[in-house]
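Visitor: Below are the sequence and a predicted model for it; my questions follow.
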Protein chains: 2
Amino acid sequence: MRAIYLFGAGDVRVVDAPDPTIEQPTDVVVRVSRACVCGSDLHPYHSRPASEHGSSIGHEFVGVVQEVGAEVRRLRPGDFVIAPFAVSCGRCEFCRAGLQTSCGVGGFWNDARLGTAGGQAEAVRVPLADSTLVTVPELSGDGLRDADEDLLASLLTLTDVYGTGWHAAVRGGVTTGSTVTVIGDGAVGLMAVLSARRLGAERIVLMGRHSARTDLGREFGATDVVAKRGEAGIAAVQDLTDGGSPVVLEAVGHLPAYEQAVGVVRAGGVIAKVGVPQYEQAPVGFGSLFGRNVTLTGGPAPVRAYIEDLLPAVLDGSVRPGRVFDTTVALEDTPKGYAAMDAREALKVMIRP
Amino acid sequence: MRAIYLFGAGDVRVVDAPDPTIEQPTDVVVRVSRACVCGSDLHPYHSRPASEHGSSIGHEFVGVVQEVGAEVRRLRPGDFVIAPFAVSCGRCEFCRAGLQTSCGVGGFWNDARLGTAGGQAEAVRVPLADSTLVTVPELSGDGLRDADEDLLASLLTLTDVYGTGWHAAVRGGVTTGSTVTVIGDGAVGLMAVLSARRLGAERIVLMGRHSARTDLGREFGATDVVAKRGEAGIAAVQDLTDGGSPVVLEAVGHLPAYEQAVGVVRAGGVIAKVGVPQYEQAPVGFGSLFGRNVTLTGGPAPVRAYIEDLLPAVLDGSVRPGRVFDTTVALEDTPKGYAAMDAREALKVMIRP
């Protein structure tokens, strides 16, 4: 099959890779209908050391079950499935608590321990498939023929970015009437806006500098946009929120975004981080979090825990998170998709294998 | 009057200071019945630069109202009062939300902006007295004559350490059946144990190395004591809690205690910090908090919010937090009290002016 491999910084190629097969009796093989490029894929795209053999990449895909292992009970060939970005057993303490990203048996895509490959490919082997994948009966079997592109795009966001934005809003404690500031106008930031709105937030300040993105953010529910950054951005949010935002959703991952979050949060408030931190140390002491009783929370989103709740409104079209995709490429053109996202010419790139 | 002043590192003296007077119509003057030395007083005791005039110190006291300003409505001379370690207006958004330590009008003792002096003295001027102080009718007027030492000691803990331990347990979300690890066997750590027990925790692991203190911790409700520190301490708690503690209460404030907290917390768990951080930067990234969806919370305890709830069980003797006091000194001997606490010969020192 054809698959996307990263050979080093800036070096994405389409290669011939072995067809995935059933290795464990709990595996299935999924033929990928749509995959995409994540903002977090850009981190290795910027920094991965060059290697002769490269490695597969991608962790967001939806598709059709092609083949099932002997112990698979719930899934059948022809089922349309959504693949969360984490593989999970469904049985352990963490899976039962809805924290599937901490499942000790599962893991991730491109995971050496699990032997998984990436999702930017024509097909993918899925371990622990019964518990990992979520079936969409409406699109299974012949249903897929009638599915429109918008719906597929929205279903694809459930593999990561919508669930990640939702996780931020849930961890931030967003509820009816909340005032929320979202830092970052990438796909996750926009999904955090959408999620905060759906959870009842009344005031949503979106911090971002790309007007095409922040315009979409307004359509998703942002009531205010602050394009300034640093001290000026903090002052603007402080002003809009009369002294600070009780809830801040940080959807970037770089240290300045964290500092921005600390700057705009209200005393007693919450910073929920879902931007994967590109740092280990950050300010938490008297002058940042402690002195004002600010709570810091968040982490890799257990999107598996949210898909079933978020799915109905996606299926009936009342929520259209797939609008974050502004570019679609064929699998063979995926390197161009990386370049477009890296240059911020594309917000989020869908791949059609 | 006589009062305690700090003139530099290790240099505590008893001095003649001006008698406090009513300066604002919302002030009262309190004659101090009992004060005490806080673990956090040891930080300036270790590091304060030498100064010719020194400055007053102390933020924990109970006493009797002596004089009231013209606009004081609720308090009368003769009232026995508990003084929380923060002055608060009782009206602002933060006071109404029970976060009096963020009151923008109030402040602290020894606070230049408020013009307050320290609580280790014969008398103290209390601004915003109606909202700041909590009256104990049972000990007001003639009631004080019959009060025993144990009760006064326990009431004194409500000014800071009991409320601070309680804040940790509340912020940590301790509830019936919780498994909790408390880091630190100082007075606040022991109060965190007591608080966790009263909130229903079933398993309470106390990390501390001083057996006299950890023995008291067991009486307050600790089910296990871990005397080891660092990696060995983390391994011991991981073992006792079968993979990590869902709730960790950090009652020290030095960076190794934070690292201990990160090491023992379970994925998806909470670290509630009330030890005043002696650092600004700490690990929060993928390898510490983020990767496992760990929440970091806590800050200066709004003890004013808790006193009324905690008071009845103290008054009826069913809770005896005053047992953390193992040493009592006269005001004139306060420098010896500091030295004893610094040498860890005393757990917590009460001052009888």
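Guide: Cool, the structure landed. Numbering: from 1, shown residues only, chains lettered A, B, ... in the order given.
Visitor: count of neighbours near A:Cys95?
Guide: Other residues within reach of A:Cys95, judged by other Cβ atoms under 10 Å in any protein chain shown, total 25. Just so you know, the C-beta spots here come from the backbone N, C-alpha and C atoms, and that holds for glycine as well.
Visitor: which residues does it contact?
Guide: A:Ser88, A:Cys89, A:Cys103, A:Gly106, A:Ser131, A:Arg304 (Cβ atoms under 8 Å, 6 or more residues apart in numbering or on different chains).
Visitor: so what pLDDT did it get?
Guide: According to the prediction, A:Cys95 has pLDDT 98.
Visitor: Let me know the distance separating it from chain B.
Guide: Distance of A:Cys95 to chain B, computed by Cβ to the nearest Cβ, to the nearest Å: 11 Å.
Visitor: so that residue sits in a helix?
Guide: Yes: residue state for A:Cys95 (DSSP: H, G, I helix; E, B strand; the rest coil) corresponds to a helix.
Visitor: got the contact list for the residue in the stretch 51-200 of chain A positioned nearest to chain B?
Guide: Nearest to chain B in the stretch 51-200 of chain A, going by Cβ to the nearest Cβ, is A:Ser102, at a distance of 3.8 Å. Counting by Cβ under 8 Å, 6+ apart, A:Ser102 makes contact with A:Phe94, A:Pro302, B:Ala267, B:Gly268, B:Arg292, B:Asn293.
Visitor: In JSON lines: those residues, plus neighbour count.
Guide: Conversion of the contacts of A:Ser102 to JSON lines gives the following (neighbours: other Cβ atoms under 10 Å in any protein chain shown):
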{"residue": "A:Phe94", "neighbour count": "23"}
{"residue": "A:Pro302", "neighbour count": "26"}
{"residue": "B:Ala267", "neighbour count": "20"}
{"residue": "B:Gly268", "neighbour count": "20"}
{"residue": "B:Arg292", "neighbour count": "21"}
{"residue": "B:Asn293", "neighbour count": "23"}
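Visitor: Could you chop chain A up by domain?
Guide: If you go by automatic domain parsing, the domain ranges for chain A are A:2-160+A:302-352, A:165-298.
Visitor: Give me every residue in the stretch 201-350 of chain A lying close to chain B.
Guide: A:267-268, A:273, A:276-277, A:279-300, A:302 (Cβ under 8 Å from any Cβ of the partner chain).
Visitor: Could you rerun that using 7 Å?
Guide: Within the stretch 201-350 of chain A, the positions lying close to chain B (Cβ under 7 Å from any Cβ of the partner chain) are A:267-268, A:273, A:276-277, A:279-288, A:290-293, A:295-300.
Visitor: what does the stretch 51-200 of chain A give?
Guide: A:Phe94, A:Ala97, A:Leu99, A:Thr101, A:Ser102.
Visitor: Just confirm A:Ala169 contacts A:Leu249, I think it does.
Guide: Yes: judged on Cβ atoms under 7 Å, A:Ala169 makes contact with A:Leu249 at a distance of 6.4 Å.
Visitor: what are the ranges of the helices in the stretch 201-350 of chain A?
Guide: Remark: helices assigned in the stretch 201-350 of chain A by DSSP state H, counting those that start in this stretch are A:211-220, A:230-240, A:255-264, A:304-315, A:334-342.
Visitor: Just list what the shortest one packs against, helices and strands only.
Guide: In terms of contact count using 3 or more Cβ pairs under 7 Å, 6 or more residues apart in numbering or on different chains; DSSP states H and E, helix A:334-342 is assigned the packing partners strand A:11-16, helix A:42-47, strand A:327-330, strand A:349-352.
Visitor: Of the residues of the stretch 201-350 of chain A next to chain B, which count as buried by neighbour count?
Guide: The neighbour-count test (16 or more other Cβ atoms under 10 Å in any protein chain shown) marks A:267-268, A:273, A:276-277, A:282-286, A:288, A:290-293, A:295-300 as buried among these.
Visitor: So which of those residues belong to strands?
Guide: Judged by DSSP state E, the subset of those located in strands is A:Ala267, A:Gly268, A:Lys273, A:Ala282, A:Pro283, A:Thr295, A:Leu296, A:Thr297, A:Gly298.
Visitor: Quick check: the second one touching B:Ala97?
Guide: When you say that, I think you mean A:Gly268. Yes: with contact defined as Cβ under 7 Å, A:Gly268 and B:Ala97 form a contacting pair (6.4 Å).
Visitor: Distance of A:Pro300 relative to A:Pro277?
Guide: Going from A:Pro300 to A:Pro277 by Cβ to Cβ, to the nearest Å gives 11 Å.
Visitor: can you pull the contacts of A:Gly78?
Guide: A:Val64, A:Val65, A:Ser140, A:Gly141 (Cβ atoms under 7 Å, 6 or more residues apart in numbering or on different chains).
Visitor: So which of those is surrounded by the most neighbours?
Guide: Busiest of these [other Cβ under 10 Å] is A:Val65, holding 22 neighbours.
Visitor: Each with direction, which strands does the helix or strand where it lies pair with?
Guide: If you go by DSSP states H and E, A:Val65 is part of strand A:61-68. Strand A:61-68 sits in its sheet next to strand A:28-36 (antiparallel), strand A:80-83 (antiparallel), going by DSSP bridges.
Visitor: Can you lay out these as TSV showing mean pLDDT and mean neighbour count?
Guide: As requested, the strands paired with strand A:61-68 are exported to TSV (pLDDT from 0 to 100; neighbours: other Cβ atoms under 10 Å in any protein chain shown):
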stretch	mean pLDDT	mean neighbour count
strand A:28-36	98	24
strand A:80-83	98	26
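Visitor: Helix or strand, whichever it is, which one in chain A has the lowest mean pLDDT?
Guide: Of all helical and strand segments in chain A, the minimum by mean pLDDT, DSSP states H and E falls on helix A:143-146, at a mean of 84.
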